[in-house]
Every structure is written in C-alpha cells, then in structure tokens.
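Colleague: this is a predicted model, with the sequence first.
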Amino acid sequence: MDMTYYDHGTPAERWERARMFFDANDYAAAARVLDGLVAQVPEQTGPRLLLARSYYHSAQLRRAEAELRILVERDPVEHYARLMLGRTLERQGRQEEADAQLRIASALAGDFAEL
C-alpha cells in the first residue's frame, strides 16, 4: 500500500488529517496517519492517545493495548489512558486485568463509590 498520502505534510497537517479520518469513523485510515506521526513525535500524548483510540475502534486491540501501556507507564495518573486500557482489556476477555485498570481510572477521576 502506498503510504505517501498518510505520511505527507507537516506534523500539524497530519494531525488534522488523522482527526478528520477519526471523526469520519475511518479508524484504520486514522491509525495509518497517526502511526507515522507518533513515530515522529513519540513524546506527545495526544497523537499516541488518538492512535490507541483508532486501534481500539478498528478492533486492533493488541496494538491499542501497547500504545496505552506506553502512556500509562509514562504518566501513571493519565485517567483516560487507564480507562481505555481497562476497556481494551475487557474486549480481549481479560476481565481481572481490566478491573484493576478501571478501578485506578475511577479513583483518578474521583469516583470512589465504585471502589
């Protein structure tokens, strides 16, 4: 597959293109754009989180998990990454691991009633 379109432009242009694909529910195309963008700016949370979400919505759950684990390792109090990791683990049938992440996400969000 020719990746020229997905890798073309500045990081800001690629971010906008990825958001356009994501907003249009073309998660696989968004992931193709974001994969190269994350490689170029690996320290930025936004592109990596959107990449994980794109993988999740296109049922690439192992890839989503890998990206989310990077985010959680880098920033243990990143609530949304924890929530997404829990949901990703749930979809893989790994409920015990999912429950642990979801409890942490709830605590980080201040929702202590579920604990």
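Modeller: Received, thanks.
Colleague: can you list the weak-confidence ranges in the protein?
Modeller: 1-6, 112-115 (pLDDT under 70).
Colleague: ok, now with 80
Modeller: 1-8, 111-115 (pLDDT under 80).
Colleague: what about the helices in it?
Modeller: Secondary structure of the chain (DSSP state H): helices located at 4-7, 11-23, 27-40, 45-57, 61-74, 79-91, 95-108.
Colleague: export those helices to a markdown table and tack on mean neighbour count?
Modeller: Quick note: C-beta positions are derived from backbone N, CA and C, even for glycine. Output for the helices of the chain, formatted as a markdown table (neighbours: other C-beta atoms under 10 Å):
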| stretch | mean neighbour count |
| --- | --- |
| helix 4-7 | 14 |
| helix 11-23 | 16 |
| helix 27-40 | 21 |
| helix 45-57 | 22 |
| helix 61-74 | 18 |
| helix 79-91 | 21 |
| helix 95-108 | 16 |
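Colleague: list the contacts of stretch 30-50.
Modeller: With C-beta atoms under 8 Å, 6 or more residues apart in numbering as the test, stretch 30-50 has contacts from 3, 6-7, 11, 14-15, 17-19, 21-22, 51, 54-55, 58, 60, 63, 67, 70-71, 74-75, 78, 80-81, 84.
Colleague: for stretch 69-88, that is, sorry about that
Modeller: Residues from elsewhere that reach stretch 69-88 (C-beta under 8 Å, 6+ apart): 45, 48-49, 52-53, 56, 61, 64-65, 68, 98-102, 104-105, 108-109.
Colleague: if anything else comes up later, I'll come back, but that's it for now.
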